[in-house]
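Trainee: Show me how the following folds:
(chains A, B and C, ligands or ions: 3)
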Amino acid sequence: MKLVFERPKSLQLTKTHYCPGCGHGTIHRLVAEVMDELNIKEKTIGVAPVGCAVLAYNYFDCDMQQAAHGRAPAVATGIKRALPDRVVFTYQGDGDLAAIGTAEIIHAAARSENITVVFVNNAIYGMTGGQMAPTTLIGQRTETSPYGRDPKLAGYPIRVCEMLATLDGPSFLARVELTDVKNINRAKSYLKKAFEIQLAGKGFSLVEILSPCPTNWGMRPVDAVDWVRKEMVKVFPPGVFKEPKEGNV
Amino acid sequence: MEKILMKGNEALAEAAIRAGCQCFFGYPITPQSELPAYLAREMPKRGGVFLQAESEVAAINIVYGAAGAGARVMTSSSSPGISLKQEGISYLCGAELPCVIVNIMRGGPGLGDIQPAQSDYFQATRGGGHGDYRTIVLAPASVQELVDLVYDAFDLADMYRNPVLILGDGILGQMMEPVVFKERPARELPPKTWATTGKMGRQKPNVINSLYLDPVQLEEHNRKLQRKYQEIEEKEARWEILNGDDAEYFVVAYGICARIAHAAVEMARQEGIKVGLIRPITLWPYPKKAFEEVLSRAKAFLTVELSCGQMVEDVKLSVDGRAPVYFYGRTGGMVPTAEEIFREITKMRGHS
Amino acid sequence: MNRIIIDKDRCKGCGLCIEVCPKKVLCFDDDVVNALGYHPVKAKEGCIACGFCATVCPDVVFTIYKEEKGGK
Ligand SMILES: Cc1ncc(C[n+]2csc(CCOP(=O)(O)OP(=O)(O)O)c2C)c(N)n1
Ligand code: SF4
Ligand code: SF4
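Mentor: Ligands and ions are numbered 1, 2, ... in the order given. From the prediction side, this is the model:
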């Protein structure tokens, strides 16, 4: 018998607290598979700030630091500067990364901090119960945009990859939707590339993953995936926004 | 041993390097700018890390990351910047991470001014951010003491896994005084087995964390922190009493203010007033024992501060109604003269 | 025969795997309520070991083996 699929070693056996159909679980698994394949879990330190993934330290089988809301890139900077030969990643939501932590992510990117950022964009604040996020779509109803996000009142969604791509610092920026087998595999290949770039010392890498939050979107998991495919992708076009020049990695 | 003439801020920076500080993260603000400038020059040459962050919020969180990774780490700022660092300080205390935080205080509130002040006493000694926590607070009164306390600050931080604050002021930071960097034998400190260095073959992952969703666990965590704080209160309080042996009146002052107050005490002695000076060196833990030593003969206390009256509350708590406590303060960057304090000493004697 | 192992106690009943299975091998087991309080998925015969279910499952419920040629 040939093993086709098994649980990655870098993922602990604990059950997660995520809702049914939540993208966080899948993304955790992908990060763990990449850690396995690159054989780096023994020298990796992850940083999980506040958000639905705040308990990620219970799930990954590597050293972890829990960080204040939005500050993960700063915390990761501290770890990486103190221990430059270790692998350091952050795991951040969109509220965390694109609202309260905007300064931290921009400057970590501008410094080309040699870290990897796993950016989970679910267009909403999950942990606090479904408030409007900086990535909430125009017209999207949330607890704090009950009539739909009105750009006159609440402005427009932030496209993080495009924004960071204007900087010279980042080495790798990519966005992918967590919708089907093909794209989930693509998400993994981006994550792997991001970690490889860090291992090669090439600086800042970020993978933005468009991810369903069925609970706060008020949808069945299958419909939530559909919404990512049909609605989110229109506002957040998938693709590679920046990558190192040929010949490396 | 060689005496060098140095500015307070630069002496502090040099002492930090000699005390084994591996990383420094900060954000520019007056009146502490010479400190990061010195470290920006020296750290790269001496194997250390210097990084200017995008804000004090980022700086303190970078400190959190580096401290969690096991490094000896320091940040410095002045009052408005320290306000921004409070989020990080609360997390550092919750996660029990050692680090040294320097506050070269200036006048407040708000943007205030850039003149010397002691108006961050409450913020420093009461925690400053959210939650039940304490930081050890050291208050040097001379450039030499500043240097000596930097070594202690790093050791205390590591011993107790707790942030240590060095509370100075604009005068101390800018003042030039001769200093000696004494070579000290390294203290035996607990190994940082908790640090997130990567598992590197370790059985279980290390986690740096201040989140305890279960209230039973969070209460237990708080109880543990309180036990630690109690131990610090018992063991680490420091103070100095000058002209105290026969004194009936006491001036209480710390930092630069204590030096001016001491001049006033000398003036009062010339006039035959039996007055001494209590100079707290640790502001938290507050040296209550200093008061116990003198309370049997003390007729009154006069607290002098560069603030509208903050430490005076700790003096009152320590005296506990057993003698009158008076206060004299200048604020906004104004500094009292020895004559002003002398007049207050004579008033104190007149009252009692 | 290919082998599909389902860690039923981890299943949260989201149904993503059922949707993605090209052979429609998976369905909810309405007779069972697992430790998390959900009807977990169960597999009928006919798994081709494509691994699609495992790829989309957020809760890492599946382990899958493929029968090798020669039938070891
Ligand atoms: C300083 C601070 N402000 C607010 C919060 C409350 N809070 C916790 S998580 C969160 C938003 C999380 O949303 P996101 O980053 O998008 O992650 P998700 O939960 O959707 O995965 C907020 C506002 C906090 N913990 N700290
Ligand atoms: S609230 Fe949304 S993001 Fe959070 S665990 Fe549930 S589905 Fe996932
Ligand atoms: S995808 Fe996983 S959690 Fe969801 S129903 Fe299938 S086995 Fe259960």
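Trainee: which ones are touching B:Val49?
Mentor: A:81-82, B:22-24, B:43, B:66 (Cβ atoms under 8 Å, 6 or more residues apart in numbering or on different chains). Glycine gets a C-beta too; all of them are placed from N, C-alpha and C.
Trainee: Return the closest of those with respect to B:Trp239.
Mentor: B:Phe24 (29.5 Å; Cβ to Cβ).
Trainee: backbone phi and psi for the closest one, please?
Mentor: Dihedral pair for B:Phe24: phi -130, psi 130, per degrees, to the nearest 10.
Trainee: Just give me the neighbour total for it.
Mentor: 31 (other Cβ atoms under 10 Å in any protein chain shown).
Trainee: so what's the closest residue to ligand 2 within chain C up against?
Mentor: Residue of chain C nearest ligand 2, by Cβ to the nearest ligand atom: C:Pro58 (8.6 Å). Residues in contact with C:Pro58 (Cβ under 8 Å, 6+ apart) are A:18, A:20-26, A:29, C:12, C:14, C:16.
Trainee: mind running it again at 7 Å?
Mentor: A:18, A:21-23, A:25-26, C:14 (Cβ atoms under 7 Å, 6 or more residues apart in numbering or on different chains).
Trainee: quick one on the thing from earlier: out of the contacts of B:Val49, name the ones that lie in strands.
Mentor: Among these, DSSP state E puts B:23-24 in strands.
Trainee: Please dump the contacts of B:Val49 into JSON lines; it should also carry distance to ligand 1 and pLDDT for every row.
Mentor: Formatted as JSON lines, the contacts of B:Val49 follow (distance: Cβ to the nearest ligand atom, whole Å; pLDDT from 0 to 100):
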{"residue": "A:Arg81", "distance to ligand 1": "24", "pLDDT": "98"}
{"residue": "A:Ala82", "distance to ligand 1": "24", "pLDDT": "98"}
{"residue": "B:Gln22", "distance to ligand 1": "29", "pLDDT": "98"}
{"residue": "B:Cys23", "distance to ligand 1": "25", "pLDDT": "98"}
{"residue": "B:Phe24", "distance to ligand 1": "25", "pLDDT": "98"}
{"residue": "B:Met43", "distance to ligand 1": "31", "pLDDT": "98"}
{"residue": "B:Ala66", "distance to ligand 1": "21", "pLDDT": "98"}
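Trainee: would you list the contacts of B:Val49 in a markdown table and tack on distance to B:Leu156?
Mentor: What follows is those, written out as a markdown table (distance: Cβ to Cβ, whole Å):
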| residue | distance to B:Leu156 |
| --- | --- |
| A:Arg81 | 24 |
| A:Ala82 | 20 |
| B:Gln22 | 17 |
| B:Cys23 | 18 |
| B:Phe24 | 18 |
| B:Met43 | 22 |
| B:Ala66 | 18 |
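Trainee: about what we covered before: tell me the one among the contacts of C:Pro58 nearest to A:Pro214.
Mentor: Proximity of the contacts of C:Pro58 to A:Pro214 was ranked by Cβ to Cβ; the top entry is A:Gly21 with 4.6 Å.
Trainee: I figured B:Tyr249 hits B:Arg349, correct?
Mentor: Yes: under the criterion of Cβ atoms under 7 Å, B:Tyr249 makes contact with B:Arg349 at 6.1 Å.
Trainee: Need the residues touching each of the two.
Mentor: B:Ile273.
Trainee: These two: who's more crowded?
Mentor: Ranked by neighbour count (other Cβ under 10 Å), B:Tyr249 and B:Arg349 place B:Tyr249 first, with 24 against 18.
Trainee: per-residue confidence for that one?
Mentor: At B:Tyr249, the pLDDT value in this model is 98.
Trainee: now do the one 3 residues further on
Mentor: The score at B:Val252 is 98. That number is its pLDDT.
Trainee: would you list every one of the helices in chain B?
Mentor: Under the criterion DSSP state H, helices of chain B are mapped to B:8-18, B:34-45, B:56-68, B:79-94, B:121-125, B:143-160, B:170-174, B:215-236, B:255-270, B:288-294, B:311-319, B:338-351.
Trainee: so which of the ones you listed comes closest to A:Val4?
Mentor: In terms of Cβ to Cβ, the element of those nearest to A:Val4 is helix B:56-68, at 38.4 Å.
Trainee: right, is the closest one up against chain A?
Mentor: Yes: contact between helix B:56-68 and chain A, assessed by Cβ under 7 Å from any Cβ of the partner chain, occurs at B:58, B:61-66, B:68.
Trainee: could you dump these to CSV with neighbour count?
Mentor: Formatted as CSV, those follow (neighbours: other Cβ atoms under 10 Å in any protein chain shown):
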residue, neighbour count
B:Ala58, 29
B:Asn61, 33
B:Ile62, 35
B:Val63, 31
B:Tyr64, 33
B:Gly65, 33
B:Ala66, 30
B:Gly68, 36
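Trainee: so B:Ala258 makes contact with B:Pro140?
Mentor: No: with contact defined as Cβ under 7 Å, B:Ala258 does not reach B:Pro140; the gap is 9.9 Å.
Trainee: low pLDDT regions in chain A?
Mentor: A:246-249 (pLDDT under 70).
Trainee: and with 50 instead?
Mentor: A:248-249 (pLDDT under 50).
Trainee: tell me the helices in it, going along the chain?
Mentor: So, for chain A - with DSSP H - the helices run A:23-38, A:72-82, A:94-95, A:102-110, A:151-154, A:160-164, A:181-199, A:214-217, A:221-227, A:233-235.
Trainee: Can you name the residue of chain A nearest chain C?
Mentor: A:Gly25 (3.1 Å; Cβ to the nearest Cβ).
Trainee: out of everything not next to it in sequence, what's closest to that residue?
Mentor: Once flanking residues are discounted, A:Gly25 sits nearest to C:Pro58: 3.1 Å by Cβ to Cβ, 6 or more residues apart in numbering or on different chains.
Trainee: what does B:Ala95 give?
Mentor: That would be B:Ser210: by Cβ to Cβ, 6+ apart, it lies 4.5 Å from B:Ala95.
Trainee: What residues does the one you found make contact with?
Mentor: By Cβ under 7 Å, 6+ apart, B:Ser210 lies in contact with A:66, B:91, B:94-95.
Trainee: Out of these, which two are the most distant from each other?
Mentor: A:Gln66 and B:Gly94 (9.5 Å).
Trainee: contacting residues for the closest residue to B:Tyr254 other than its chain neighbours?
Mentor: Distances taken as Cβ to Cβ, 6+ apart put B:Ala139 closest to B:Tyr254, at 4.4 Å, once the chain neighbours are dropped. By Cβ under 7 Å, 6+ apart, the contact list for B:Ala139 reads B:167, B:254-255, B:280-281, B:283.
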